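1. Predicted model follows, preceded by the sequence.
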Amino acid sequence: MARLVIKLLGCFQVSIDGRPQTGILSDKGRALLTYLALEADRPHRREALAELLWPNRPHPEGRANLRQSLHRLRQSIDDTGTCAPALLITPQEVQFNCSNDCWLDVSEFRQSLNTAINHHQTDLILCEVCLRQLQNAAELYQGDLLAGFSLPDCLDYDWWLLSKVEEFHRQAVYILEWLVIHSKQKGNYSIASQFAQRAIELEPWRERSHRMKMRALALAGNPGAAIHQYEICCQILAKEMGIGPSEKTRNLFEQIRQGRVLSLSNLEGGYWLRQPINARG
């Protein structure tokens, strides 16, 4: 286990040598650590960081605030006097050190998805390597990035954070639906239904995830539950968007009601697996 563990998917968590560190960082400190960790591929000018987190402040004041926040941050994560510090700091720049003894959930999430995308070919059934990687990524996604966090006085930071939240959220849905298709192709309909439910919880209005669960339930020999899922989908769409289900969803409902559900259809085929997705950020 790494000495420093940082979890950003869901609630913000920091652990040092297995000991959770609670209440150690201000909101600006959390924002700074998150930004540096997610943008670790390059050093960042102090002026840019100060403007990002203390906008519309006089230049000297912003620099002073950044200097104080970096000092408190290093103390909070016990980053002083270590051979490989988590933060590489010079008078001009700051960068998160990817070579330090640190485990970051967003980095492992990205790596797992990249491995699956680069290794997987075209068959809907995943090999063991890809399956393990996607299952790991799905387990790592404990909620949206920094769930519920924002800096109302830092518009540029909030826009940056929103883009990252949407990026990881989109990838999580992609992963779960990929696991649904694999599970159904293997005949593991109960597991497919569970993955589909997780996708629904992330995006309740996403009809494709509802259809995936409906089909999995029907194939598992439970058409009543599949029809109930259709009713849930209709209720959500009506409440959240003021619309009814699409023709694809209605057609699947009719197929289930008439007892003629196939294992896979065009709406759940492999074409979407080959669509480009930004896993690297």
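-> Perfect, thanks for sending it. Residues are numbered from 1 along each chain as shown.
2. and the residue nearest the centre of the chain, what element?
-> Residue closest to the mean C-alpha point of the chain, counted by CA atoms, centre = their mean, is residue 168 at 3.3 Å. Element membership for residue 168 (DSSP states H and E) is helix 155-185.
3. After that helix, heading C-terminal, what element do we hit next?
-> Per DSSP H and E, the first helix or strand lying C-terminal to helix 155-185 is helix 189-202.
4. How much space separates the closest residue to residue 184 other than its chain neighbours from residue 203?
-> Counting by CB to CB, 6 or more residues apart in numbering, residue 192 is the residue found nearest to residue 184 once chain neighbours are left out, at 4.4 Å. C-beta coordinates here come from the backbone N, C-alpha and C atoms, glycine included. To residue 203, residue 192 is 17 Å away according to CB to CB, to the nearest Å.
5. and these two? which has more neighbours close in?
-> Set side by side, residue 192 and residue 203 show more neighbours around residue 192, with 25 against 16, by other CB atoms under 10 Å.
6. wait, what's in contact with the residue nearest to residue 184?
-> 179, 180, 181, 183, 184, 212, 216 (CB atoms under 8 Å, 6 or more residues apart in numbering).
7. Report pLDDT for it.
-> With respect to pLDDT, residue 192 has a value of 96.
8. Give me the distance between the spatially closest residue to residue 91 that is not a sequence neighbour and residue 89.
-> Taking CB to CB, 6+ apart, and ignoring the residues beside it in sequence, residue 91 has residue 46 as its nearest neighbour in space, at 7.8 Å. With distances taken as CB to CB, residue 46 is found 9 Å from residue 89.
9. what do you get for residue 220?
-> 56 Å.
10. now stretch 257-265: mean pLDDT?
-> 72.
11. Kindly report the same for stretch 165-181.
-> Average pLDDT, stretch 165-181: 95.
12. ok, now stretch 6-20?
-> Stretch 6-20 comes out at a mean pLDDT of 91.
13. Quick one: distance of that stretch to the chain centre.
-> With CA atoms, centre = their mean, to the nearest Å as the basis, stretch 6-20 stands 16 Å off its chain's centre.
14. got it, and stretch 97-109?
-> 15 Å.
15. now swap in stretch 84-96 and tell me
-> 26 Å.
16. Can I get it in CSV, CA atoms only?
-> What follows is stretch 84-96, C-alpha atoms only, in CSV (Å, rounded to 0.1, in the frame of the first residue of the first chain):
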residue,chain,number,x,y,z
ALA,A,84,10.2,11.7,-3.1
PRO,A,85,7.7,14.5,-2.2
ALA,A,86,4.2,14.5,-3.6
LEU,A,87,4.6,18.2,-4.6
LEU,A,88,7.5,19.5,-6.7
ILE,A,89,7.7,23.2,-5.8
THR,A,90,10.0,25.8,-7.2
PRO,A,91,9.8,29.6,-6.8
GLN,A,92,8.1,29.7,-10.3
GLU,A,93,6.2,26.4,-10.6
VAL,A,94,4.3,23.7,-8.8
GLN,A,95,3.7,20.1,-10.1
PHE,A,96,2.2,16.9,-8.6
